[in-house]
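In: Below are the sequence and a predicted model; questions follow.
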Amino acid sequence: MAAGSQGSDGVERRGLMFVLSSPSGAGKTTLSRMLMKEVPDLQMSVSVTTRPMRPGEVEGKDYFFIDQKRFDEMAAKGDLLEWAPVFGKSYGTPRAPVETALAAGRDVLFDIDWQGTQQLREKAGPDVVSVFILPPSAADLEKRLHTRAQDSEEVIRGRMARASHEMSHWAEYDYIVVNQNVDDAFAEVQSILKAERLKRARRTGLTGFVRNLQRQLEK
Ligand code: 5GP
């Protein structure tokens, strides 16, 4: 599904779908923001959700906040690339922006859970590169959930209980990053994306590029 785009060396390549998953509080949102700021040709996929907006969140930037009726309509019309229930609410990835970005030669970054990652993999196979972010300890996860001060005590308890279940899916991911220190974790995630962009199978322009080199050498 990914169209051609130019790598920094000018060799055409297929776009990729870069997925970050983790239990909430493991630092995935911070890492996503850092990637969006630092990495060229990367576009964030903004999901739709039926959960209420949290303090500090922005409509259209963090999520598109919609009701269940609209969500069901989008799913029924095929407007969602994947969707799943999380914490009793519905979350889904709008299809059109992803297809537009890939066609324009940009990679797409997804902050979605393991259920969505499985669906993307079924649909887009080798174009998907998935990274699971683990917290260094349970105490660290709890501290981060409290520090971001967005959720009630009850919601935090629910998220802690669910974290163990979410983590059980780590082995379905291509890469695992332990977020002990955000700068190190960011460097690791960035290296994964850089290496994946250079994979031979994605670099559709290599045959022509090498042929051209050979022609020049044989002159
Ligand atoms: P939160 O409510 O904390 O923003 O997100 C809860 C969980 O839902 C996170 O694990 C996040 O990755 C996941 N999520 C967000 N958007 C989507 C989506 O479009 N699809 C799926 N499958 N999961 C999502």
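Out: Yep, that arrived. Residues are numbered from 1 along each chain as shown.
In: ok, residue 10 - contacts?
Out: 205, 209 (Cβ atoms under 8 Å, 6 or more residues apart in numbering). For glycine as for every other residue, the C-beta is placed from the backbone atoms N, C-alpha and C.
In: Sorry, slip of the keys, the one I care about is residue 112.
Out: Contacts of residue 112 (Cβ under 8 Å, 6+ apart): 19, 21, 45, 47, 82, 84, 91, 93, 120.
In: could you redo the last one with a cut-off of 10 Å?
Out: When contacts are counted by Cβ atoms under 10 Å, 6 or more residues apart in numbering, residue 112 touches 19-21, 28, 45, 47, 81-84, 86, 91-93, 118-120, 130.
In: now do residue 46
Out: With Cβ under 10 Å, 6+ apart, residue 46 has these contacts: 59, 60, 61, 62, 63, 64, 93, 94, 97, 111.
In: In helices, which of these appear?
Out: residue 97 (DSSP state H).
In: Go back to the contacts of residue 112 and keep what's next to the ligand.
Out: When the contacts of residue 112 are checked against the ligand using Cβ under 6 Å from any ligand atom, the ones in range are 21, 47, 82, 84, 86, 91, 92, 93.
In: What is the burial count for the last one?
Out: The number of residues packed near residue 93 is 24, by other Cβ atoms under 10 Å.
In: What of the second one?
Out: Residue 47 is surrounded by 21 other residues when neighbours are defined as other Cβ under 10 Å.
In: And the residue nearest to residue 61 when sequence neighbours are not counted, what's its pLDDT?
Out: Of all residues not flanking residue 61 in the chain, residue 46 sits nearest, at 6.9 Å (Cβ to Cβ, 6 or more residues apart in numbering). Predicted confidence (pLDDT) at residue 46: the value is 98.
In: Residue 14 pairs with what?
Out: residue 4 (DSSP bridges).
In: Residue numbering should commence at 865 henceforth.
Out: Done: numbering now begins at 865, and the last item shifts to residue 878.
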